[in-house]
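Novice: Here you go, sequence then predicted model.
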Amino acid sequence: MEKSKVAIYTDGACSGNPGPGGWGAVLIYGEHEKQLSGGEPETTNNRMELTAVIEALSLLKRPCEVTLTTDSKYVSDSVTKGWVYGWQKRGWKKSDGKPALNPDLWEKLLPLLRMHDVKFVWIKGHAGHKYNEICDRLAVAEWQKFKK
């Protein structure tokens, strides 16, 4: 059976780093489009970028062929350049021996990457890309809910 093809766009945002954060994602399957978002009162931009990817992939009920577009070099490079697999092998330590960041989120993402065929596409953020702009608006709206 051929895998369903899904396009996912994600973004994370943070006010202060750390500070209140939000994430947004858009999933497109055929004619269907779904937007999702969430946030946390105290987090980092990279945690929100990762959370957006995890939440979007978690919605897929069966293995899919996914094109995942993000403006996060942290997320795309960590996976496409294989860094995350090295960190995991070394017990969540980077090659310089320092602790890798966000191992709790990477532990959630790696099984999803095994389940789906995910191709990462990096784009420049805030450059007028329709779905990146939508994801950014969703993410910003979420962190603003935590403003005091």
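Specialist: Sure, I can see it. Numbering: from 1, shown residues only.
Novice: And what about residue 104, helix, strand or coil?
Specialist: Under DSSP: H, G, I helix; E, B strand; the rest coil, residue 104 falls in the helix class.
Novice: And residue 67, by the same measure?
Specialist: What three-state DSSP gives for residue 67 is strand.
Novice: how distant is stretch 9-21 from the center of its chain?
Specialist: 11 Å (CA atoms, centre = their mean, to the nearest Å).
Novice: Buried residues in that stretch, which are they?
Specialist: 9, 10, 11, 12, 13, 14, 19, 20, 21 (16 or more other CB atoms under 10 Å). (Glycine included, C-beta is placed from N, CA and C.)
Novice: my guess is the first one contacts residue 26, does it?
Specialist: Yes: taking CB atoms under 8 Å as the definition, residue 9 is a contact partner of residue 26 at 4.6 Å.
Novice: and for these two, which residues touch both?
Specialist: Residues touching both residue 9 and residue 26 (CB atoms under 8 Å, 6 or more residues apart in numbering): 131, 134, 135.
Novice: pLDDT weak spots in this structure?
Specialist: 148 (pLDDT under 70).
Novice: How about the residue nearest in space to the middle of the chain: what's its closest non-neighbour residue?
Specialist: The centre of the chain sits closest to residue 53, judged by CA atoms, centre = their mean, with a distance of 2.8 Å. Distances taken as CB to CB, 6 or more residues apart in numbering place residue 10 nearest to residue 53, at 5.2 Å, with adjacent residues excluded.
Novice: Quick one: residues contacting the one you found.
Specialist: Counting by CB under 8 Å, 6+ apart, residue 10 has contacts 23-25, 49, 52-53, 56, 68-70, 72, 75, 135.
Novice: Is it possible to get JSON lines of these that adds distance to residue 95 and secondary structure?
Specialist: Supplementary listing: the contacts of residue 10 in JSON lines, determined by distance: CB to CB, whole Å; DSSP: H, G, I helix; E, B strand; the rest coil:
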{"residue": "23", "distance to residue 95": "28", "secondary structure": "strand"}
{"residue": "24", "distance to residue 95": "32", "secondary structure": "strand"}
{"residue": "25", "distance to residue 95": "30", "secondary structure": "strand"}
{"residue": "49", "distance to residue 95": "22", "secondary structure": "helix"}
{"residue": "52", "distance to residue 95": "26", "secondary structure": "helix"}
{"residue": "53", "distance to residue 95": "23", "secondary structure": "helix"}
{"residue": "56", "distance to residue 95": "29", "secondary structure": "helix"}
{"residue": "68", "distance to residue 95": "25", "secondary structure": "strand"}
{"residue": "69", "distance to residue 95": "28", "secondary structure": "strand"}
{"residue": "70", "distance to residue 95": "23", "secondary structure": "strand"}
{"residue": "72", "distance to residue 95": "21", "secondary structure": "coil"}
{"residue": "75", "distance to residue 95": "19", "secondary structure": "helix"}
{"residue": "135", "distance to residue 95": "31", "secondary structure": "helix"}
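Novice: Perfect, that will be all.
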